[in-house]
Every structure is written in C-alpha cells, then in structure tokens.
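*Asks:* Predicted model and sequence below, questions to follow.
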Amino acid sequence: MASKLLLVTVFIFDLIAFGLAVAAEQRRSTATIHADSENYYNYCIYDSDIASGYGVGAFLFLLASQVLIMFASKCFCCGKPLSPGGSRACAVILFITCWVFFFIAEICLFAGSIRNAYHTRYRNLFTESLDCPSLRKGVFAAGASFTLFTAIVSEFYYVCYSKARDNFHSYSGDVGAGMGTYK
C-alpha cells in the first residue's frame, strides 16, 4: 500500500514548485532603455529580479519532491524484488518518464533563473540601437508545465511501484532435494 503521507507531502511540494514557476514566468525581468542626464549615452535599466528567486525556489521544491519519491521507492533498483506483471511494467515506464520530465523541468527552471538574473551593463555612446537582453517568454512556463507533468507521473509511479512491491510473494516451499528413501 502506498504511503498516503508521502503522496500528500510530494503533492504539496510539487504544487509549491508549480506555483513558484508560474510566479517566475509572471515576474520575469524586463528592461527599458534610458539616456543619461547629458544624453551622451544610453543604458539599460532592469526592473525587479524576483523571478530568479522564484525559479530557484521551484527548482529546489521539485528536487525535494523527487528525492522523497526516489528515497521511498529506493530508486527502483534497490530493495526487495517486485512481482512480475502489469504493475511492475507500468512502474518501469513511469520511472523513466518521471526522470525525463524531471530533468526537462529542472533544466528550464535552472536556465531560466540564470538567464533572468543576467543583466548587461553595456552603454551605447553613439546613435546605434541598444539591445537590452532579457529572458525569453515561456522558459519558466515550460518549467512549470514539466513540473506539473513530473508531479502527475511521479505520483502514479509510486502507486504502481507500491502495488508491485506489495504483491511479491517469495516461494516458501521446500526447494531442496529430498534425501529419504523411496517407498
């Protein structure tokens, strides 16, 4: 039987990670071009940098939920064997899918946080146009969506894993060769 406390804890961590990723997408840094007081050069002014903090928070909460699930399931490779059948096959497929979604979500959140925190200090002394780079729209949204996919798949993975683990029955009969005489 799957631990309900673990499932609720992981769901809450994943929900917090999803919320932080959505908040990071909403609060991405944007830049405006300003001229100095004597109009000799232009420079970029960036607004709030809170999205990087939200992205890192989502990264850490998603990492914590993945660690909890993998610790509870012994990362699928350690512990007692699983019973053959549909639950084990489903657990294997969900295990691989969970890790793929997890890596994509973590890469989006990590790269988005780094790129959002990057602010140029370039100045334009001539009449050329100045470009103020900022994070592309949708990076944190992709991280949020893959966080949601990871949450769903990891919950199903743990339920299938628990079902396959609980259904395993080792053979407890006499496995040795009888050494008595035949009658």
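*Replies:* Here it is on my side, so go on. Small disclaimer: the values here were computed from a predicted structure and weren't measured.

*Asks:* longest helix anywhere in this protein?
*Replies:* For the chain, the helix with the greatest residue count under DSSP state H is helix 86-117.

*Asks:* Determine the set of other helices and strands touching that one.
*Replies:* Secondary-structure packing of helix 86-117 (3 or more C-beta pairs under 8 Å, 6 or more residues apart in numbering; DSSP states H and E): helix 4-26, helix 50-72, helix 139-166. Where C-beta positions appear, they are placed from N, C-alpha and C, glycine not excepted.

*Asks:* relative to helix 50-72, how tilted is it?
*Replies:* 160 degrees (axes from the mean of the first three to the mean of the last three C-alpha atoms, to 10 degrees).

*Asks:* just how off-centre is helix 86-117 within its chain?
*Replies:* 5 Å (C-alpha atoms, centre = their mean, to the nearest Å).

*Asks:* Equivalent analysis for stretch 144-158, please.
*Replies:* Chain-centre distance of stretch 144-158: 8 Å, with C-alpha atoms, centre = their mean.

*Asks:* Return the helix or strand in this protein with minimum mean pLDDT.
*Replies:* strand 123-124 (a mean of 57; mean pLDDT, DSSP states H and E).

*Asks:* what's the closest of the helices and strands packed on helix 86-117 to residue 97?
*Replies:* helix 139-166 (5.2 Å; C-beta to C-beta).

*Asks:* packing partners for the closest one?
*Replies:* Packed against helix 139-166 by the contact rule (3+ C-beta pairs under 8 Å, 6+ apart) you find helix 4-26, helix 50-72, helix 86-117.

*Asks:* quick one: which of these is nearest residue 142?
*Replies:* helix 86-117 (4.7 Å).

*Asks:* quick one, that closest one and helix 139-166 angle?
*Replies:* Using the same axes, to 10 degrees: helix 86-117 against helix 139-166 is 160 degrees.

*Asks:* Sounds good, over and out.
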